[in-house]
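A.B. asks: dropping the sequence and predicted coords here.
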Amino acid sequence: MSDLPSNNGALVRVDAVEKMFRRGSEDIHVLSNLSLQVPAGEFLALMGPSGSGKSTLLNLIGGLDRPTKGTVQIAGERIDTLSDHQLAAWRARHVGFVFQLYNLMPVLTAERNVELPLLLTSLSKAERQKHVATALAMVGLSHRAKHYPRTMSGGEQQRVGIARGIVTDPTLLLCDEPTGDLDRKAGDEILNLLQALNREQGKTIIMVTHDPHASARASRTVHLTKGQLTTEAMK
């Protein structure tokens, strides 16, 4: 876990955030006066219908986008005020991403895919290899390190994606529909892995999902409707 300072107990703090996109002459309001706090070590699920703003909120927390108004703080650091260069460096240090469609490079082996985020660091080749081996072992894929994505099942590819997400030991693991392209059995294996990372490794995880079965694995579920929080459910 990162040694960043705490923020009154909240690792993630989103305050009065609005996000608007311009489409032709029309303003599209995606998030409206939204505030959210996520404590360190929580496994949070973001649920809501398509177009409710879940992925937009995830992108703001992960520094992939900036709010139109409001503030986004991670462990007390205002990431919405960072320059593009500073934000890229911050993401490389503190955020791991897991995507619905895996986003693996087909011409690279599993271990090379996992290594990609480490190429932005100052680690030596030997140090990178050690981190990669550790990450693949954590997701149970040490035996598939030399294999290419095309030879793997969807569940295995997603586990490679998770290994890539955790290889830098990030402050946050952000998952956008991580089981959305998997059958129930493979999806359950991914959810078991995310729960283990949260409970045994203390990882703070924020997961966007449409699936109540997936959200039931989280410690808290937040519902979004039309860019606003509607309900929160504790487990």
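C.D. replies: That came through fine.
A.B. asks: the residue most central in space within the chain in helix, strand or coil?
C.D. replies: In the chain, the C-alpha closest to the average C-alpha coordinate belongs to residue 174, at a distance of 0.9 Å (CA atoms, centre = their mean). Three-state secondary structure (criterion: DSSP: H, G, I helix; E, B strand; the rest coil) places residue 174 in strand.
A.B. asks: run a quick neighbour tally on the residue nearest to it when sequence neighbours are not counted.
C.D. replies: Residue nearest to residue 174 in three dimensions, not counting chain neighbours: residue 62, with 4.8 Å by CB to CB, 6 or more residues apart in numbering. C-beta coordinates here come from the backbone N, C-alpha and C atoms, glycine included. Burial measure for residue 62: 24 neighbouring residues, criterion other CB atoms under 10 Å.
A.B. asks: how about residue 71?
C.D. replies: By other CB under 10 Å, 15 other residues sit near residue 71.
A.B. asks: got the phi and psi for it?
C.D. replies: Geometry field for residue 71 lists phi and psi as phi -130, psi 150, criterion degrees, to the nearest 10.
A.B. asks: next one: residue 229
C.D. replies: In terms of degrees, to the nearest 10, the main-chain angles of residue 229 are phi -70, psi 140.
A.B. asks: surely it touches residue 223?
C.D. replies: Yes. With contact defined as CB atoms under 8 Å, residue 229 and residue 223 form a contacting pair (7.0 Å).
A.B. asks: low-confidence ranges in the chain?
C.D. replies: When the per-residue scores of the chain are filtered using pLDDT under 70, the ranges that remain are 1-8, 231-235.
A.B. asks: what segments of it are helices?
C.D. replies: Assigned by DSSP state H, the helices in the chain fall at 54-61, 84-94, 110-115, 125-138, 154-166, 184-201, 212-215.
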